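> Okay, sequence plus prediction incoming.
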Amino acid sequence: MSQQKCNQGPVLRFTKMHGLGNDFMVVDAISQPFRLRPEMIRELADRHFGVGFDQLLVVEPPGLPEVDFRYRIFNADGSEVEQCGNGARCFARFVRDQRLTNKRVIRVQTAGGVIELKLGRDGSVLVNMGVPELEPTAIPFQAGARQTVYPLDVAGQSLELSAVSMGNPHGVLLVENVDTAPVETLGPELERHPAFPARANIGFLQIIDEGHARLRVFERGSGETLACGSGACAAVVAGRLRGRLGKRVEVELRGGRLVIEWQGEGAPVMMEGPAVTVFEGQLRLPGDSPPRRRRSHRSTRNGA
Ligand SMILES: N[C@@H](CCC[C@H](N)C(=O)O)C(=O)O
């Protein structure tokens with residue numbers, strides 16, 4: 001057998017999806033074996049040499065009773081994370097489309113806790129994102145007592161930021177205009193600020209009125225994305241705690257609009273938005289033994 005054949009690994013089936021342009025490679029790890037090292041995830045996430053995605057979503061059998069699936073999330077940098085709101089909607093659409101379930105209400109175990117997803121008949125998905133965590137130690141955020149707004153020095157500037165966990169850590173800054181907000185410069189500085197020991201997703205929130213806001217998010221481990229579901233939830237929580245937003249807010253992200261509802265302290269945050277399938281594909285993973293070679297890709301386009 002040739003060297004080439006010896007180094008070929010298994011074929012991996014995947015689906016490319018997006019939620020408002022926050023894009024995902026989704027893998028069914030129930031019907032096929034699947035395990036990837038972080039460097040392989042980074043290669044696949046590459047938009048020039050790989051499949052290209054913000055996050056990899058992996059569907060696994062549940063590890064808890066009364067839960068339908070386990071859903072694992074990996075950022076483009078290969079780090080495994082706790083929560084992904086846009087991903088949760090795509091996950092719900094994926095398990096229905098792949099006939100892994102026929103339920104319309106799905107309970108899912110994530111590293112950030114159990115969440116509930118409801119598939120609408122119009123293609124939208126309603127996600128119960130759970131109760132936001134505001135205690136600094138649980139976010140995690142390094143501060144003394146809990147506050148609505150924390151002063152923070154970054155890159156020679158004094159800023160005011162809210163800190164919220166939606167299962168994953170978020171910092172939220174109020175800005176006058178998202179179009180001119182310093183997302184590319186402040187985003188990476190704040191993502192890795194020592195006050196966030198697990199790094200954080202950084203939202204730049206412009207409030208239009210109590211029911212409308214605009215948002216850009218510099219995501220931990222992926223950079224700025226066209227939309228961030230958990231970021232939209234964290235931003236509404238932060239804006240409401242500051243007394244500037246109401247219970248139901250339409251959040252305009254670069255990739256489209258999400259509706260977020262939060263009744264207030266102790267209540268879960270509800271998020272509603274679309275989930276779109278772009279195409280299905282398969283690729284051959286490299287084998288275990290060196291030398292590593294280029295993968296071959298094949299894909300077939302599907303309707304949304
Ligand atoms: N795009 C996501 C969030 C994905 C994870 C995030 N980058 C993190 O590291 O916590 C969303 O829609 O919520």
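Arrived safely. Numbering: from 1, shown residues only.

> Enumerate the residues of the chain near the ligand.
Where proximity means C-beta under 6 Å from any ligand atom, the interface of the chain facing the ligand comprises 22, 54-55, 73, 75, 81, 84-87, 168, 201, 219-222, 225, 228-231. Every residue, glycine included, has its C-beta placed from N, CA and C.

> Among those, name the ones in helices.
When the residues of the chain next to the ligand are checked against helices (DSSP state H), the matches are 85-87, 229-231.

> Ranking by neighbours, what's the top pick from those?
The member of those surrounded by the most neighbours (other C-beta atoms under 10 Å) is residue 86, with 35 neighbours in all.

> who touches it in this structure?
Contact criterion C-beta atoms under 8 Å, 6 or more residues apart in numbering gives 18-20, 22, 24, 227-229, 273, 275 as the residues in contact with residue 86.

> can you redo those as JSON lines with pLDDT?
Below are the contacts of residue 86 laid out as JSON lines (pLDDT from 0 to 100):
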{"residue": "18", "pLDDT": "98"}
{"residue": "19", "pLDDT": "98"}
{"residue": "20", "pLDDT": "98"}
{"residue": "22", "pLDDT": "98"}
{"residue": "24", "pLDDT": "98"}
{"residue": "227", "pLDDT": "98"}
{"residue": "228", "pLDDT": "98"}
{"residue": "229", "pLDDT": "98"}
{"residue": "273", "pLDDT": "98"}
{"residue": "275", "pLDDT": "98"}
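
> quick one: which of those is nearest residue 105?
Distance to residue 105 across these (C-beta to C-beta) is lowest for residue 275, with 15.2 Å.

> any chance you could read off phi and psi for that closest one?
The phi/psi pair for residue 275 (degrees, to the nearest 10) reads phi -140, psi 130.

> now swap in residue 32 and tell me
Torsion angles at residue 32 (phi, psi; degrees, to the nearest 10) stand at phi -150, psi 150.

> I'd say it and residue 13 touch.
Yes. Taking C-beta atoms under 8 Å as the definition, residue 32 is a contact partner of residue 13 at 6.2 Å.

> just checking, which of the contacts of residue 86 belong to strands?
When DSSP state E defines the strands, the subset of those inside them is 18-19, 22, 24, 273.

> Break down the protein into its helices, ranges please.
Along the chain, counting by DSSP H, helices occupy 3-6, 38-45, 85-97, 183-191, 229-241.

> right, so those: which one is the most enclosed?
Among those, judged by mean count of other C-beta atoms under 10 Å, the one packed with the most neighbours on average is helix 229-241 (a mean of 29).

> which other helices and strands contact that helix?
Under the contact definition 3 or more C-beta pairs under 8 Å, 6 or more residues apart in numbering; DSSP states H and E, helix 229-241 sits against helix 85-97, strand 157-165, strand 169-174, strand 201-209, strand 212-219, strand 248-253, strand 256-262, strand 269-274.

> Including distance to residue 118, could these go into JSON lines?
Formatted as JSON lines, the helices and strands packed on helix 229-241 follow (distance: least, C-beta to C-beta, whole Å):
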{"stretch": "helix 85-97", "distance to residue 118": "8"}
{"stretch": "strand 157-165", "distance to residue 118": "23"}
{"stretch": "strand 169-174", "distance to residue 118": "23"}
{"stretch": "strand 201-209", "distance to residue 118": "24"}
{"stretch": "strand 212-219", "distance to residue 118": "23"}
{"stretch": "strand 248-253", "distance to residue 118": "17"}
{"stretch": "strand 256-262", "distance to residue 118": "13"}
{"stretch": "strand 269-274", "distance to residue 118": "9"}
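
> between these, which gets nearest to residue 131?
strand 269-274 (7.7 Å).

> got the buried residues for stretch 134-152?
134, 136, 139-141, 143, 149-150, 152 (16 or more other C-beta atoms under 10 Å).

> any idea which of the residues you listed is closest to the ligand?
When those are compared for distance to the ligand (C-beta to the nearest ligand atom), residue 139 comes out closest, at 11.5 Å.

> what sits against that closest one?
Residues 133, 163-165, 169, 196, 200 are the ones in contact with residue 139 under the rule C-beta under 8 Å, 6+ apart.

> before we move on, what about residue 285?
By C-beta under 8 Å, 6+ apart, the contact list for residue 285 reads 9-12, 36, 40, 295.

> switch to 10 Å and redo it
For residue 285, the set of contacting residues under the criterion of C-beta atoms under 10 Å, 6 or more residues apart in numbering consists of 8-12, 34-36, 40, 44, 295.

> Any stretches of the stretch 151-300 of the chain with poor pLDDT?
288-300 (pLDDT under 70).

> ok, 50 please
Screening the stretch 151-300 of the chain residue by residue with the criterion pLDDT under 50, one finds the ranges 291-300.
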